[in-house]
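# Sequence and predicted model, in that order:
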Amino acid sequence: MITKKLTTALAAILLGTTLAFSASLKEGDTFPDLAKYGLEGKLPELQGKVVLVDFFASWCGPCKESFPVMEEVYQKYSAKGLVIVAVNLDKNKADMDAFLKGRAASFSIVRDAGNKLVREVKIPTMPSSFLLDKSGKIHSFHRGFKGEETKKKYSEEIEALLK
């Protein structure tokens, strides 16, 4: 039986990264400046916004389930100041494009082809999401995607931060 840690380690090898089994960042830390990592794609304005930074990859099953929820959350809260930045970790852009085909995503999607950001953040599993307050500090960290439970937590936390 393959354990979750072994699966994560295998994913790290496939990505060519050294993912740690716990995030290097914690609540209250300032999230790294996304503009400094050479991400492919257009970053939205983040200053003074509540930001959900989500790491995903084409091979990640739970990532496929999380996209409709992120789109729903984005549609509900973007006019109030929420920004979502989905960071793709695929080496090949074609893999990311295939993942996105048929998935509605009106939020920002960028690609960390060189895995510079993911090495800095050291995400423990896929997907992993950081919810940032308006000052860019980490309010919460979400490991994996647990369907309605994750959706409920996103909504509660986002609503509190937008007040």
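Happy to help now that I have it.
# residue closest to the middle of this structure?
Closest to where the C-alpha atoms of the chain average out (Cα atoms, centre = their mean) is residue 54, at 0.9 Å.
# residue contacts, that residue?
By Cβ atoms under 8 Å, 6 or more residues apart in numbering, residue 54 lies in contact with 66, 70, 84-87, 127-129. C-beta here means a position set from N, CA and C on the backbone, and glycine is covered the same way.
# Number of residues surrounding the nearest residue to residue 46 once chain neighbours are set aside?
Sequence neighbours aside, residue 83 is the residue nearest to residue 46 in space, at 6.0 Å (criterion: Cβ to Cβ, 6 or more residues apart in numbering). Residue 83 has 21 neighbours, counted by other Cβ atoms under 10 Å.
# Contacts for the helix or strand hosting residue 83, please.
Element membership for residue 83 (DSSP states H and E) is strand 82-88. Here strand 82-88 makes contact (Cβ under 8 Å, 6+ apart) with 34, 39, 43-46, 49-58, 67, 70, 73-74, 78, 96, 99, 105, 107-112, 117-118, 158, 162.
# Let's see that with 7 Å instead.
The contact list for strand 82-88, computed with Cβ atoms under 7 Å, 6 or more residues apart in numbering, reads 34, 39, 43-44, 46, 49-57, 70, 74, 96, 105, 107-112, 117, 158, 162.
# Filter those down to the buried ones, ChimeraX style.
Only the buried entries of those go into this ChimeraX selection, using 16 or more other Cβ atoms under 10 Å:
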select :34,39,46,49,50,51,52,53,54,55,56,57,70,74,96,107,108,109,110,111,112,117,158
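# Which ones among the contacts of strand 82-88 map onto strands?
50-56, 108-111 (DSSP state E).
# Switch those over to TSV; also include pLDDT.
Below are the ones in strands among the contacts of strand 82-88 laid out as TSV (pLDDT from 0 to 100):
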residue	pLDDT
50	98
51	98
52	98
53	98
54	98
55	97
56	97
108	98
109	98
110	98
111	98
